[in-house]
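*Asks:* Fold the following, please.
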Amino acid sequence: MSHEFTYSISKIRFDEDYQPSAKTRITTNFANLARGERRQQNLRDTLSMMNNRFNTLAHWDNPTGNRYALELDIVSVDIDIEGKGETFPSIEVLKTTIIDQQTNERIDGLIGNNFSSYVRDYDFSVVLPEHNKGQTDFSVPEDFGALHGKIFQHFVRSDVYKTNFKKLPVICLSVSETKTYQRTENKHPILGYEYVPNESSLTEAYFKKMGLQVRYFMPANSAAPLAFYFYGNLLNDYTNLELIGTISTMETFQKIYRPEIYNANAAAGERFKPSLKHPDHSLTQIQYDREERSQLAAKQGKFTEEHFIKPYQTILEQWSRNIAL
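*Replies:* Below you'll find the model as predicted:
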């Protein structure tokens, strides 16, 4: 019996009144910002940082530096394995919309940006540690990330995706602490200088299973390069405003989550080795609990094993073997 997985999409506006949905992964960075006494101020400050950064990068025809504002939607993708209406939260990404306050035009931004996934938590917090238990040398299982990669590609090719989004996703992440990055002479007018890593990372390999390539760029006035994961041609498939939307959104989050790298007081040089122990950095006023987040990833990996991997194991294995991508 063959199974046709189906997807459903729900959206929550990320604004100063944002309340995390009961189904949101608790480690999702947005949820972490929206808690505690300062929650509304946290959210307001985050959005203000994004808008300021956007207007700095989109400086043409923008003499007062406040022409644009960003609107963000958290997009949750649920997967139905058996077609019985029982769903599991599979992927969470972010959609930007750019408001041109001069013309009152709403401009579609990119889908992707942030990326979170319960199955990724399972892979990194359950599969990897179990595979390496008692081993002296770290290694990765041969099929590591294969199921997750196929689910993601299947979703991107689905009618649901095509109905809701005009362009393929771009995901923007932090650079890896274990790699050294070398600046090249290639400079893009929006993305800035391109950097190349000294070797491939586990994250790169994992996202490659999702069909995504990666390039690293450091935009003007940034402290460190960002990793851009994409299909197709990053430099030609997207407009300047679309790219600026992603940069200003994700660089703001990284300044909050990883200030040692992205809010460092000196910018990355020609050779750059990121470190979360770098002392010369500034903190934003926005409260964020990084330690709590790493602890929760393990809990959510176990949740995925219990509610998704084990109950549907036979179907998932059969589907993974037979799906043509």
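*Asks:* How about Phe43: what's its closest non-neighbour residue?
*Replies:* Just so we're on the same page, residue 43 is Leu rather than Phe. Once flanking residues are discounted, Leu43 sits nearest to Glu16: 4.5 Å by Cβ to Cβ, 6 or more residues apart in numbering. The C-beta positions use only the backbone N, C-alpha and C, and glycine is treated the same way.
*Asks:* wouldn't that neighbour be in contact with Leu47 here?
*Replies:* Yes. Here Glu16 reaches Leu47: they are 6.8 Å apart, a contact under Cβ atoms under 8 Å.
*Asks:* Please identify which of the two sits among more neighbours.
*Replies:* A count of neighbours by other Cβ atoms under 10 Å puts Leu47 above the other of Glu16 and Leu47, at 20 against 15.
*Asks:* buried residues in the helix or strand hosting that one?
*Replies:* Element membership of Leu47, judged by DSSP states H and E, is helix 39-57. Within helix 39-57, the residues scored as buried using 16 or more other Cβ atoms under 10 Å are 39, 42-43, 45-47, 49-51, 53-55, 57.
*Asks:* What helices and strands are in contact with the next helix or strand after it?
*Replies:* As assigned by DSSP H and E, the chain's next helix or strand after helix 39-57 is strand 68-80. Under the contact criterion of 3 or more Cβ pairs under 8 Å, 6 or more residues apart in numbering; DSSP states H and E, strand 68-80 touches strand 6-14, helix 39-57, strand 87-100, strand 105-116, helix 146-156, helix 240-257.
*Asks:* Quick check: neighbours of the first one in the sheet, parallel or antiparallel?
*Replies:* This points to strand 6-14. Neighbouring strands of strand 6-14 in its sheet, by DSSP bridges, are strand 68-80 (antiparallel).
*Asks:* Distance from the chain centre to the strand it pairs with, please.
*Replies:* In terms of Cα atoms, centre = their mean, to the nearest Å, the gap separating the centre of strand 68-80 from the centre of its chain is 12 Å.
*Asks:* Also stretch 89-101?
*Replies:* How far stretch 89-101 lies from its chain's middle: 11 Å, per Cα atoms, centre = their mean.
*Asks:* tell me the mean pLDDT for stretch 134-141?
*Replies:* When pLDDT is averaged along stretch 134-141, the result is 87.
*Asks:* and it, how far apart are its ends?
*Replies:* 15 Å (Cα to Cα, to the nearest Å).
*Asks:* for the residue nearest to Tyr312 when sequence neighbours are not counted, what are its contacts?
*Replies:* Using Cβ to Cβ, 6+ apart and skipping the chain neighbours, the partner closest in space to Tyr312 is Ile81 (5.0 Å). Applying Cβ atoms under 8 Å, 6 or more residues apart in numbering, we find Ile81 in contact with His3, Phe5, Phe88, Tyr312, Ile315, Leu316.
*Asks:* shaky segments in this structure?
*Replies:* Along the chain, segments meeting pLDDT under 70 span 1-3, 17, 19-40, 285-294.
*Asks:* Centroid-nearest residue for it?
*Replies:* Residue closest to the average C-alpha location in the chain (Cα atoms, centre = their mean): Asn114, at 2.4 Å.
*Asks:* what's the distance between the spatially closest residue to it that is not a sequence neighbour and Gly301?
*Replies:* With Cβ to Cβ, 6+ apart as the criterion, Asn114 has its nearest non-adjacent residue at 4.5 Å, and that residue is Leu94. Per Cβ to Cβ, to the nearest Å, Leu94 is found 22 Å from Gly301.
*Asks:* Which two of the contacts of Ile81 have the greatest separation?
*Replies:* Distances among the contacts of Ile81 were taken as Cβ to Cβ; the most separated pair is His3 and Phe88, at 13.6 Å.
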